[in-house]
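*Asks:* The amino acid sequence is not available; the structure is as follows:
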DNA sequence: GTCTATATGTAGATAGAC
DNA sequence: GTCTATCTACATATAGAC
């Protein structure tokens, strides 16, 4: 059973990814994942030894998605500034999800920082991937202080996502992303 | 049986506040609170009907703490700009906790936004209190756009706290708070 | 007001039939 | 590979003795 070309393992990871995002890791049970996939609970242990192993696969999936976005930005234009602006446009398109559940990477980090530092380190991998990519773009523009610039941009994005979700304020996202674009323009024109 | 002048109810709330902050709400059990206070699990139900009621009291406690900080800023100086800068200094002093567990209000919001919107609304009360206070300070300075300014400052603080906690980066907090002060100076001098 | 014993549900994980 | 039945641990919550 299961749709063609979609392994049970893959279906579990996709459902877990969705549920971990919407409800949080700790608040998602095997029963929830079973309900969404139709795959019996006990079957999960054929593919994953523990719940943490499922999280591991989910983090890998989120990293892969982030990588695909970065590659897309790179393929669309050779101008590093345009690439960064394009990334902002991509997350801007995820408004609806951000409003409801925040940033998939940020909220996971925040949740795992409490009580499970080992897993949290895994979640920061996605942050690091993005930081490194930003650094490359800023370096290609001949900027100094690329480490700080990258952290600052990421911090702004995270603050925006957190407040937008807390207040369910769509206008705030739009205004903030617009100001973020201006910030990028200004910082990359010196 | 409880230190003098400290009711059992109060001791439960204080322990819960600490544990909810460090481990998260969902990851903190009655057993944990019992272990910290020495008060038996079953006893909690004399003071609170449900676990949610404990959270309610914890949120009230965090709001009360925030209010005391704001009052302190107001009592120290009549200059609204100085008040805002003083608030940044206060949270700057909480670096160690922020590094370990993030912002007590921000992380709680983030956790409760997933799956328990009712409780999350309660947690946003603290955000709203701070926003209103900031608006008052900015208005007293004769600024326009006080709503956006307040949201932007809060968003920056939240982004800083989240990344500092994710990367356990003390230098980042210090640099960012320093830049936040400059931002306040600039915005309030127009 | 305080504490113990316990009810009731559900979590993650395992064993073993098919 | 798939599924059911079940184990053990622990969660919130309740009942009732003291």
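*Replies:* Noted; the coordinates are in hand. Here the structure is a predicted model, which is why all the values come from computation and not from measurement.
*Asks:* and residue A:168, backbone torsions?
*Replies:* phi 50, psi 50 (degrees, to the nearest 10).
*Asks:* who in chain A is up against DNA strand D?
*Replies:* A:1-2, A:8, A:39-43, A:45-46 (CB under 7 Å from any atom of the strand). To be clear about C-beta, it is placed using only N, CA and C from the backbone, and glycine gets the same treatment.
*Asks:* Drop anything exposed from these.
*Replies:* Neighbour-count burial (16 or more other CB atoms under 10 Å in any protein chain shown) is assigned, among the residues of chain A next to DNA strand D, to A:8, A:39.
*Asks:* of all the residues of chain A next to DNA strand D, which comes closest to DNA strand D?
*Replies:* residue A:42 (2.2 Å; CB to the nearest atom of the strand).
*Asks:* out of the residues of chain A next to DNA strand D, which touch DNA strand C?
*Replies:* Okay, of those touching DNA strand C (CB under 7 Å from any atom of the strand), that's A:41-42, A:45.
*Asks:* per-residue pLDDT, residue A:135?
*Replies:* If you check residue A:135, the pLDDT there is 98.
*Asks:* wait, doesn't it sit right on residue A:146?
*Replies:* Yes. Judged on CB atoms under 8 Å, residue A:135 makes contact with residue A:146 at a distance of 4.7 Å.
*Asks:* and the particular helix or strand that has residue A:180 in it, is it in reach of chain B?
*Replies:* Per DSSP states H and E, residue A:180 falls inside helix A:170-187. Yes. Using CB under 8 Å from any CB of the partner chain, helix A:170-187 reaches chain B at A:172, A:175-176, A:179.
*Asks:* Who wins on neighbours among those residues?
*Replies:* The most neighbours of any of the residues of helix A:170-187 next to chain B, using other CB atoms under 10 Å in any protein chain shown, belong to residue A:176, which has 24 neighbours.
*Asks:* hang on, that residue packs against residue B:155?
*Replies:* Yes. Contact criterion CB under 8 Å: residue A:176 and residue B:155 qualify, at 6.9 Å.
*Asks:* Now list whatever residues contact both of those two.
*Replies:* Common neighbours of residue A:176 and residue B:155 (criterion: CB atoms under 8 Å, 6 or more residues apart in numbering or on different chains): A:156, A:160.
*Asks:* Would you pull up how far the helix or strand harbouring residue A:45 lies from the middle of the chain?
*Replies:* Using DSSP H and E, residue A:45 sits in helix A:44-47. Helix A:44-47 sits 25 Å away from the centroid of its parent chain (CA atoms, centre = their mean, to the nearest Å).
*Asks:* quick one: buried residues of the worst-scoring helix or strand of chain A on mean pLDDT?
*Replies:* For chain A, counting by mean pLDDT, DSSP states H and E, helix A:117-140 ranks last in confidence among helices and strands (a mean of 95). Neighbour-count burial for helix A:117-140 flags A:119-120, A:122-124, A:126-127, A:129-131, A:133-138 (criterion: 16+ other CB under 10 Å).
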